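>>> any chance you can model this:
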Amino acid sequence: MEHVPDPFREARAKDGVLRCPFQGETLPMILRHADVREAAKDWQKFSSDAPFRVPIPSEEAVRSMRQLPIETNPPEHGEYRALVEPFFQRAKQPEVIAKVEALIDELLTTALARESLEVVSEFALPAQSRALTYLLNVPEREADVNRSKSSASSRCPRSPARLRICSTCPNARRTCGSAGASMSSR
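Just a heads-up that it's a prediction; the model follows:
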């Protein structure tokens, strides 16, 4: 791989923080992994108790409710986290890992055996929807409900046709179904 210049190398070496002007404020960009982990634990200095302001840019104009527990600090954050953490911890359980690995193996085996595949509706959405049922510990039939809600977002913006990837194409072309519109996947 060619050498890719690191525009943050100097700031990372100096003190690990780059102060950036953004929308009339100066925001710290923390550049070292260890420093990011420390900042995430220091809620007094790096507070999340800023409704609509945790994401950058601010989302005040696009939503009216806070994102819980993301936009809170301890102790309130801990109460919300205690409610949702068991669901996120399930992803670390060996039986859930095994189910997701078996799911991906099944979907890949099926996909590779086909001449062509509609990658969003026939691979990505089933994988995401079924894996979510494992994470939430709900019956797998619930994946169909989730997938039906998600299917509207997978349509091509220029055409009612869906994105298709053809495994027989020598240069792995992807077409959206619009007249003459195609993009290389490379």
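>>> tell me where this structure has strands.
Using DSSP state E, the strands of the chain run over 17-22, 25-30, 116-117, 164-166, 173-175, 182-184.
>>> check which residues of the lengthiest helix in the chain are buried.
Scanning the chain for the longest helix, with DSSP state H as the assignment, gives helix 94-112. Under the neighbour-count criterion of 16 or more other Cβ atoms under 10 Å, helix 94-112 has 96, 99, 100, 103, 107 buried. Where C-beta positions appear, they are placed from N, C-alpha and C, glycine not excepted.
>>> can you check stretch 39-52 too?
Within stretch 39-52, the residues that count as buried by 16+ other Cβ under 10 Å are 48, 51, 52.
>>> closest to residue 30 out of those?
residue 48 (14.4 Å; Cβ to Cβ).
>>> these two touch, right, the closest one and residue 71?
Yes. In this structure, residue 48 sits in contact with residue 71. The criterion is Cβ atoms under 8 Å, and the distance is 5.8 Å.
>>> common neighbours of those two, please.
Counting by Cβ atoms under 8 Å, 6 or more residues apart in numbering, the contacts common to residue 48 and residue 71 are residue 54.
>>> quick one on the thing from earlier: distance to residue 10 and pLDDT added to the buried residues of helix 94-112, as JSON lines?
Formatted as JSON lines, the entries for the buried residues of helix 94-112 read as follows, by distance: Cβ to Cβ, whole Å; pLDDT from 0 to 100:
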{"residue": "96", "distance to residue 10": "43", "pLDDT": "95"}
{"residue": "99", "distance to residue 10": "46", "pLDDT": "97"}
{"residue": "100", "distance to residue 10": "41", "pLDDT": "96"}
{"residue": "103", "distance to residue 10": "45", "pLDDT": "97"}
{"residue": "107", "distance to residue 10": "45", "pLDDT": "96"}
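>>> one step back: quick one: contacts of the longest helix of the chain?
Taking contacts as Cβ under 8 Å, 6+ apart, the residues outside helix 94-112 that touch it are 90, 91, 117, 122, 123, 126, 127, 130, 131, 134, 135, 167.
>>> against residue 53, how distant is the residue nearest to the spatial centre of the chain?
By Cα atoms, centre = their mean, the chain has its centre lying nearest to residue 128, at 11.0 Å. Counting by Cβ to Cβ, to the nearest Å, the gap from residue 128 to residue 53 is 29 Å.
>>> ok so, going back, nearest to residue 33 among the buried residues of stretch 39-52?
Relative to residue 33, the closest of the buried residues of stretch 39-52 is residue 48; by Cβ to Cβ it sits at 19.3 Å.
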